[in-house]
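Q: Based on what follows, work out the 3D shape:
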Amino acid sequence: MRRTADTLAALGGLLFPFLAIGGLLLALPALPPDFSGPPNDIAQFLADNPPTGTAWLGLALEMTGFVALLAFGARLAFGVAEDWAAFTIGALVTAAVAVKVASIGPLLVALTHGSDLAADSQAVLFRLNDAAVPVSDALLSCFVLGAGVAILGSPVLPRWLGWFAVGSAGAMLTDLALGTGWLSLPMLVWFMTASVVLALRIRRHRFEDTTPSGHRWTMAS
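A: Residues are numbered from 1 along each chain as shown. Down below sits the predicted model:
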């Protein structure tokens, strides 16, 4: 039972891109094309395009994706690190997901009560949501960087996965600085790759308590 739960948590990294991106695509028809556009344009768009059931489903899937990412991040953190390092890595992914989930609040207010608000207020709500994106992405980059360093110092997962993490985190931070957009793709690939590698390692191994502070991997008998 424990191994099954660990495996499902590990697979959260594989599910995250599909749920988050797929959910966003479903929700897009109900979202203004430019969150920083003129307030009157945003208000008119909302009046002309009320959210549908598909849009609400998309937002729910996107949030589910971030919950899956949190499960993956926590499982990875406590699989490759111990004590304060594990808690730090776990705290980074938790903070990233918390910022993202919190940012959905202004979006929900704008979509459900937009007709009761002035155009300027609607625009502010969308811009609050938009402003949370680089914050969440920066925290995710720090999580992946920390996980990469921990993997490099641990025998649990292959070293190439650690270097992949460091490189993809650097690419994401560069993307945030330059605003290219496409440099965020390596991190999504890393999430899926690390998820599969971690899940396979869990299925093939068992945990054995070897230190008071954590667990070590040993081959399953």
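Q: Where does the nearest residue to residue 16 once chain neighbours are set aside sit: helix, strand or coil?
A: Nearest residue to residue 16, sequence neighbours excluded (C-beta to C-beta, 6 or more residues apart in numbering): residue 69, at 4.2 Å. Bear in mind the C-beta positions are built from the backbone N, C-alpha and C, glycine included. When classified by DSSP: H, G, I helix; E, B strand; the rest coil, residue 69 comes out as helix.
Q: Can we start the residue count at 877 from this point?
A: Will do, 877 is the new start, and the previous item becomes residue 945.
Q: Burial check on residue 945, number of neighbours?
A: 25 (other C-beta atoms under 10 Å).
Q: residues in contact with it?
A: 888, 889, 892, 896, 969, 973, 1067 (C-beta atoms under 8 Å, 6 or more residues apart in numbering).
Q: My read is that the first one contacts residue 1071, right?
A: Yes. Using C-beta atoms under 8 Å, residue 888 is in contact with residue 1071, at 6.8 Å.
Q: Would you mind listing the residues touching both of the two?
A: Counting by C-beta under 8 Å, 6+ apart, the shared contacts of residue 888 and residue 1071 are residue 948.
Q: Give me the pLDDT for the residue nearest to residue 892.
A: pLDDT, residue 945: 96.
Q: How much space separates it from residue 902?
A: Computed as C-beta to C-beta, to the nearest Å, the residue 945 to residue 902 distance reads 18 Å.
Q: go on, residue 883?
A: Going from residue 883 to residue 902 by C-beta to C-beta gives 28 Å.
Q: swap in residue 947?
A: Per C-beta to C-beta, residue 947 is found 22 Å from residue 902.
Q: what ranges of this structure fall below the confidence cut-off?
A: Applying pLDDT under 70 to the chain picks out residues 877, 1082-1097.
Q: what about the strands in it?
A: Assigned strands in the chain, in chain order: 1081-1087, 1090-1095 (criterion: DSSP state E).
Q: How about stretch 961-975, which residues are buried there?
A: Neighbour counts over stretch 961-975 (16 or more other C-beta atoms under 10 Å) mark 961, 962, 965, 966, 967, 968, 969, 970, 971, 972, 973, 975 as buried.
Q: Who are the contact partners of the fourth one?
A: Translated: residue 966. Going by C-beta under 8 Å, 6+ apart, residue 966 touches 949, 950, 953, 954.
Q: Which helix in the chain has the most residues?
A: helix 995-1028 (DSSP state H).
Q: and it, which residues are buried?
A: Of all the residues in helix 995-1028, those buried under the rule 16+ other C-beta under 10 Å are 995, 998-1005, 1008, 1012-1028.
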